[in-house]
Each structure stands twice: as structure tokens, then as C-alpha cells.
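# Coordinates for the following, if possible.
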Amino acid sequence: ASHPIPNANSIWQLVQHCSGWRRNVLRKMQGEAFRSPDDNYLSEPDNVSPQAWEQLLADFEQVDTDWRNFISTLSDEDLDRPYAPADGKYTWYAVIHGLMHHDNYHFGQIIMLKKMLP
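Numbering: from 1, shown residues only. You can find the predicted model right below:
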């Protein structure tokens, strides 16, 4: 959980953040209620052991697999569904597209941070 840029999020925090958001959006689309933590999944890890890092990566990969499986079942009608029926502002398509942009933004940060590590 090294911080090559002081006061910036670490690679660990960014992976944790992307994984948490992917999981929450998927749960909402599957009809589950959720509440994001106040720290937005950017808290410092308590355990920075190699085993904890491997578990974080395994969790990320599992969420990615869950997403791919879920998306493979969607129809065009599903993609047109409102994400938050109360306001109907965003469709599932728009939210999935936005989540991909969100992840790519943070993956870019991860690449830059990785280049700054010794």
C-alpha cells in the first residue's frame, strides 16, 4: 500500500475502490439494496500482507467475472431499464458505460502510480 505521491490514494485503495463500486452497482441491478461506506472504499488497508493483497485481487477478479456473467444475460430491453426507477435519469446502459469510464480513469491512475514505484 505504498504511496509514491504523498496524500494520494495508493494502488491498493484504487483497486479496492473499483471493486467496491463494481460490486455495488451489480447488486443494485440485481435488485439488492446497498449503502456505500463513507470512505467510498478508499480507506487505508489494515492488513498489507501479501496474502491480503492476493485476496483483494481475487475479490476484484470475482467481481469482474460476476459482471461478465451478468452482462452476458442482458437483453436490449434490460439495457434500456432505468437504473434508479425513482428518477429514471440513467439507464442500465448508461450506468454500465459510466462504470467502464470510472474504472478506466482509476486504471490510468494505477499505471501512473506503478511507474513511480522504485
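# Give me the local confidence score for Leu13.
No Leu there; residue 13 is Gln. As predicted, Gln13 sits at a pLDDT of 94.
# Where does the spatially most central residue of the chain sit, in terms of helix or strand?
The chain has Cys18 as the residue nearest its centroid, 2.3 Å off, counting by CA atoms, centre = their mean. Using DSSP states H and E, Cys18 sits in helix 11-29.
# Now that helix: buried residues?
11-26, 29 (16 or more other CB atoms under 10 Å). Any C-beta I mention is one placed from the backbone N, CA and C, and that applies to glycine too.
# what do you get for stretch 34-46?
For stretch 34-46, by 16+ other CB under 10 Å, it's Tyr41.
# Residues contacting that stretch, please?
Under the contact criterion CB atoms under 8 Å, 6 or more residues apart in numbering, stretch 34-46 has outside partners 1, 9-10, 12-14, 16-17, 19-21, 24, 27-28, 52, 56.
# And the residues you listed, which is closest to His97?
For these, the residue nearest His97 by CB to CB is Trp21; the value is 14.0 Å.
# wait, doesn't the closest one sit right on His101?
No: using CB atoms under 8 Å, Trp21 is not in contact with His101, being 11.8 Å away.
# returning to what we had before: got a list of what the residue nearest to the centre of the chain touches?
Applying CB under 8 Å, 6+ apart to Cys18 gives the contacts 60, 102-103, 106-107.
# While we're on it, how confident is the model there?
At Cys18, the model reports a pLDDT of 96.
# From Ile111, how far out is it?
Plainly put, Cys18 is 13 Å away from Ile111 if you go by CB to CB, to the nearest Å.
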